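A.B. asks: Below is the structure, and that's it, no one-letter string:
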């Protein structure tokens with residue numbers, strides 16, 4: 001079956017799936033038994049896809065993001081709902097969000113693909129391939145196909161880029177003194193290997209975040225989708241490396257067993273399994289809770305706990321102030337912020353119904369979170385009615401925008417911008433969800449009854465963006481938009497804009513960050529800004545059911561919303577040159593260029609499970625689905 005669109009011709013060999021929440025894997029998919037990847041330090045599993053006959057697929061062995069990788073299984077190079085990370089087993093990822101069905105292949109030779117296996121899941125938030133190969137690294141000669149490398153205990157498995165892809169950053173890449181940070185918004189990008197130093201000034205690596213510069217760590221919790229336990233432990237400084245860490249994950253059965261096995265050498269690492277009671281949901285939240293001798297800190301971010309996510313991708317985070325401990329005997333309402341962040345964080349943690357989190361709930365109650373100026377926007381799996389519908393997902397965002405923003409003259413000309421790394425099924429036309437309930441949420445400004453239809457710009461990398469990226473084609477493993485979904489919603493592609501980030505130096509660092517905002521017509525002001533783990537999908541944001549009387553949410557997600565009123569502003573000025581960072585700047589550091597650039601007539605959205613073999617990427621690779 002072939003499908004023509006303004007962005008090219010696609011050939012599809014598998015039949016369409018009628019379920020909007022599921023994507024059929026490409027031809028060559030194994031439906032009887034998931035590919036059994038070899039053991040690895042990474043874990044990125046998802047629930048079984050409809051194609052795998054309810055078998056839980058093995059995680060992709062490619063560093064594909066687990067968000068996509070939990071549902072279906074493919075042979076050899078499998079596609080999993082690899083939206084966020086690579087397979088739990090063979091790559092350093094623990095959950096595949098968007099494992100590419102394709103491995104980046106060199107012309108006439110495969111890049112050390114031994115051990116690749118991607119499992120494709122149909123969650124609406126998936127894949128992210130995270131490993132990359134530096135531009136200046138010499139290409140290595142692939143091993144002879146007849147020669148099998150002996151397994152090495154505790155050695156990280158190969159990535160789509162191969163074992164030699166990563167280079168060790170110089171020590172001055174990491175902070176040795178408290179960096180100059182923008183304390184107004186506390187929104188930061190991650191450091192990217194290979195960028196000019198100025199574009200990493202004021203950005204943060206995970207090693208910076210966990211360093212003694214920010215506090216004397218006693219215990220921590222890591223909420224995430226994909227994990228490489230050995231790599232994660234290595235990011236803690238030596239003096240904190242054996243302090244207790246609780247991992248909050250969504251893995252089940254074999255995936256859970258592999259994750260626990262990864263942690264065997266690390267007795268200080270414990271686990272908490274998030275309940276996923278609705279099919280095709282994922283634990284996609286990315287948050288750190290850090291308890292210090294000096295106080296407590298919350299970090300809400302977009303990166304998986306795998307090296308690829310912190311290497312050459314664009315990621316973002318909100319880092320809280322250091323919250324001091326409340327005096328003994330303080331009231332239950334003490335330490336609350338004007339944004340009710342403390343109440344909402346406690347409610348979010350309580351939604352897990354997990355005994356392992358009780359001590360952290362109590363710990364948060366004992367600290368003063370009053371300096372927080374952002375609102376928490378979370379999703380937790382469930383079906384909600386009545387006032388509970390506004391607690392989670394996009395209706396939570398709608399209520400916050402209704403209650404805490406103000407109508408703006410001429411707001412019908414203020415565009416809505418959405419930027420994400422994975423796309424789910426949204427229906428046969430835009431009214432089914434995107435231009436219906438979701439757009440109504442994104443266009444809410446205060447109590448105005450005006451429901452304008454402003455421009456909607458969706459920023460998602462084109463094929464050329466991926467091909468010319470620092471990682472080359474393997475970056476597409478973290479961008480899990482499948483042909484099976486794309487061919488059912490060609491109407492969506494007229495919304496697409498390129499990934500361009502010259503102002504932050506990150507045009508070639510493909511985005512795994514997810515942001516949503518409302519900008520002025522001249523793109524100098526923001527009415528609000530949101531950074532979140534939630535991709536463009538109903539699973540992440542929720543969808544109305546039963547004649548709009550019920551909200552159904554599949555996945556755990558978490559983000560923070562910035563509204564001007566919480567900062568005593570009418571709008572946020574946009575910072576046109578956010579690097580190097582200045583602590584005194586009042587401008588908001590939007591991570592990509594505004595206004596967004598429309599796709600050209602030749603541009604096509606990146607689809608991860610079709611071949612790209614006409615032009616090699618900067619590493620000489622082509623992309624061929626298995």
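C.D. replies: Looks like it came in fine. All values derive from a computational prediction rather than experimental measurement.
A.B. asks: quick one: the helices in the stretch 401-550 of the chain?
C.D. replies: Listed in chain order, the helices of the stretch 401-550 of the chain (DSSP state H, counting those that start in this stretch) span 439-442, 463-467, 483-486, 538-541.
A.B. asks: Which of the ones you listed has the highest mean neighbour count?
C.D. replies: Greatest average neighbour count among the helices of the stretch 401-550 of the chain goes to helix 538-541 (a mean of 30), per mean count of other C-beta atoms under 10 Å. No exception for glycine: its C-beta is placed from N, CA and C like everyone else's.
A.B. asks: Any regions of the stretch 101-250 of the chain where pLDDT drops low?
C.D. replies: Residues of the stretch 101-250 of the chain meeting the criterion pLDDT under 70: 101-164, 176.
A.B. asks: Quick one: the helices in it, in order.
C.D. replies: 206-209, 229-235.
A.B. asks: shouldn't residue 216 be in contact with residue 291?
C.D. replies: No. Counting by C-beta atoms under 8 Å, residue 291 is not a contact partner of residue 216; they are 10.0 Å apart.
A.B. asks: More neighbours: those two, which one.
C.D. replies: Neighbour count, other C-beta atoms under 10 Å: between residue 216 and residue 291, residue 291 has more, with 22 against 12.
A.B. asks: So the more buried one: helix, strand or coil?
C.D. replies: Under DSSP: H, G, I helix; E, B strand; the rest coil, residue 291 falls in the strand class.
A.B. asks: show me what contacts it?
C.D. replies: The neighbours of residue 291, taking C-beta atoms under 8 Å, 6 or more residues apart in numbering as the test, are 217, 218, 219, 220, 363.
A.B. asks: And the closest residue in space to the second one that isn't next to it in sequence, how close does it get to residue 572?
C.D. replies: Residue nearest to residue 218 in three dimensions, not counting chain neighbours: residue 291, with 5.1 Å by C-beta to C-beta, 6 or more residues apart in numbering. Using C-beta to C-beta, to the nearest Å, one gets 31 Å for the distance from residue 291 to residue 572.
A.B. asks: thinking again about what came up before, which residues does the residue nearest to residue 218 form a beta bridge with?
C.D. replies: With DSSP bridges as the criterion, residue 291 is bridged to residue 219, residue 296.
A.B. asks: Please point out which parts of stretch 235-247 sit buried.
C.D. replies: 235, 236, 240, 245, 246, 247 (16 or more other C-beta atoms under 10 Å).
A.B. asks: and what of stretch 610-620?
C.D. replies: 610, 612, 616, 617, 619.
A.B. asks: Lowest-confidence member of those, which is it?
C.D. replies: The member of those with the lowest pLDDT is residue 619, at 92.
A.B. asks: Surely that residue touches residue 469?
C.D. replies: No. With contact defined as C-beta under 8 Å, residue 619 does not count as touching residue 469 (10.2 Å).
A.B. asks: any idea how far the nearest residue to residue 439 once chain neighbours are set aside is from residue 179?
C.D. replies: Spatial nearest neighbour of residue 439, chain neighbours left out: residue 456 (6.6 Å); criterion: C-beta to C-beta, 6+ apart. Noted for residue 456: a distance of 36 Å to residue 179, by C-beta to C-beta.
A.B. asks: Repeat that for residue 391.
C.D. replies: According to C-beta to C-beta, residue 391 and residue 179 sit 36 Å apart.
A.B. asks: Over to residue 334?
C.D. replies: From residue 334 to residue 179 the distance is 31 Å (C-beta to C-beta).
A.B. asks: And residue 212, by the same measure?
C.D. replies: 13 Å.
A.B. asks: try residue 302
C.D. replies: For residue 302 relative to residue 179 (C-beta to C-beta), the value is 20 Å.
A.B. asks: neighbour-wise, which of these two wins?
C.D. replies: residue 302 (28 against 18).
A.B. asks: residues touching the more buried one, list them.
C.D. replies: Here residue 302 is in contact with 286, 315, 316, 317, 512, 513, 514, 531, 532, 533 (C-beta under 8 Å, 6+ apart).
A.B. asks: rerun that using 7 Å as the cut-off
C.D. replies: Residue 302 is in contact with 286, 315, 316, 317, 512, 513, 514, 531, 533, counting by C-beta atoms under 7 Å, 6 or more residues apart in numbering.
A.B. asks: How about the backbone phi and psi for the fourth one?
C.D. replies: To tie it back to what came earlier, the one meant is residue 317. Per-residue torsions, residue 317: phi -160, psi 150 (degrees, to the nearest 10).
A.B. asks: Tell me what the residue nearest to residue 439 is bridged to.
C.D. replies: residue 416.
A.B. asks: Angles on the backbone of residue 347, please.
C.D. replies: According to degrees, to the nearest 10, residue 347 has phi -70, psi -40.
A.B. asks: all strands for the stretch 201-350 of the chain, in order.
C.D. replies: For the stretch 201-350 of the chain, the strands defined by DSSP state E, counting those that start in this stretch occupy 217-223, 227-228, 245-249, 269-273, 287-292, 296-301, 316-319.
A.B. asks: So for the fifth one, what gets flagged as buried?
C.D. replies: Which is strand 287-292. 287, 288, 289, 290, 291, 292.
A.B. asks: Check the fourth one too.
C.D. replies: When neighbours are counted by 16+ other C-beta under 10 Å, the buried residues of strand 269-273 are found to be 269, 271, 272, 273.
A.B. asks: Same list, those residues, but as a markdown table with distance to residue 207 please.
C.D. replies: Shown next, in a markdown table, are these (distance: C-beta to C-beta, whole Å):
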| residue | distance to residue 207 |
| --- | --- |
| 269 | 18 |
| 271 | 23 |
| 272 | 24 |
| 273 | 27 |
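A.B. asks: Could you take these and lay them out as CSV, with extra columns for distance to residue 396 and pLDDT?
C.D. replies: Shown next, in CSV, are the buried residues of strand 269-273 (distance: C-beta to C-beta, whole Å; pLDDT from 0 to 100):
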residue, distance to residue 396, pLDDT
269, 32, 98
271, 28, 98
272, 23, 98
273, 24, 98
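A.B. asks: which among these gets closest to residue 524?
C.D. replies: Closest to residue 524 out of the buried residues of strand 269-273 is residue 272 (44.1 Å), distances taken as C-beta to C-beta.
A.B. asks: Buried subset of the contacts of residue 302, written for PyMOL?
C.D. replies: Those of those that count as buried under 16+ other C-beta under 10 Å are selected in PyMOL with:
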select buried, resi 286+315+316+317+512+513+514+531+533
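A.B. asks: Out of the contacts of residue 302, which comes closest to residue 549?
C.D. replies: residue 533 (27.3 Å).
A.B. asks: Let me see the contact set for that closest one.
C.D. replies: Taking C-beta under 7 Å, 6+ apart as the criterion, residue 533 is in contact with 284, 285, 286, 302, 514, 557, 558, 559.
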